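Novice: pasting the sequence and the predicted model now:
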Amino acid sequence: VGNNLNMAQGFITIEDGSCYISSWRAYDEIIRIVANELSINKKGLELSIWLSKKVPKEYKLNDSNQWGTGFIDQESGKMIIGKDLDLRGLNEQNQEIFWNGLQNGFEKLINNELKTKFNNDAFKTTVKRLLEMRKLSLLNENPLEHSDLKMIPEFEGVINLNE
């Protein structure tokens, strides 16, 4: 997980432009954890709904409607391709809501209060690494020093949660 570009299919760009890279399964599970945590918080409900549409509801082995780089949403029939989330596009409030959701989910994961299909030490380590990258970004460190991608991805613009 992370740093292995042969398996890298999930990209999360942090506010400073640094990029976290993981396998698509880890990416999907991180997004599911955050969406689930936010679904119980009125402030985070809109972001939770938006994030939930970015990944399949659950990973199903050998499902012909999902693969590493995308999936077909069964409710809308829409094809979703791409496993990247650029947090720079969220407003500051939604950025904080995202990170709080991930931190809460991580604590539940560590305390074995959260059951996921990838509830193992490797997955816990990759989530911890993402949280640590965010802490480094808040210290105004050079983003390339803690980024898995050795370049700053181009900013694609503000995210509209209603799309």
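Specialist: All right, it came through fine. All figures in this text were calculated on a predicted structure; none of them were measured in a lab. Residues are numbered from 1 along each chain as shown.

Novice: need the three-state assignment for the spatially most central residue of the chain.
Specialist: Ranked by distance to the mean C-alpha position of the chain (C-alpha atoms, centre = their mean), the top residue is Ile31 at 4.2 Å. Three states are possible here, and by DSSP: H, G, I helix; E, B strand; the rest coil the one that applies to Ile31 is helix.

Novice: how near is the nearest residue to it once chain neighbours are set aside to Cys19?
Specialist: If the residues on either side of it in the chain are set aside, Ile31 comes closest to Val55, at 4.7 Å by C-beta to C-beta, 6 or more residues apart in numbering. Where C-beta positions appear, they are placed from N, C-alpha and C, glycine not excepted. The gap separating Val55 from Cys19 is 18 Å, by C-beta to C-beta, to the nearest Å.

Novice: helix or strand for Gly105, which one?
Specialist: Taking DSSP states H and E as the definition, one finds Gly105 inside helix 92-110.

Novice: now for the next helix or strand along the chain from that helix, which elements pack on it?
Specialist: Downstream of helix 92-110, the next assigned helix or strand under DSSP H and E is helix 121-138. Secondary structure elements in contact with helix 121-138, counted by 3 or more C-beta pairs under 8 Å, 6 or more residues apart in numbering; DSSP states H and E, are strand 19-22, helix 24-39, helix 92-110, helix 143-146.
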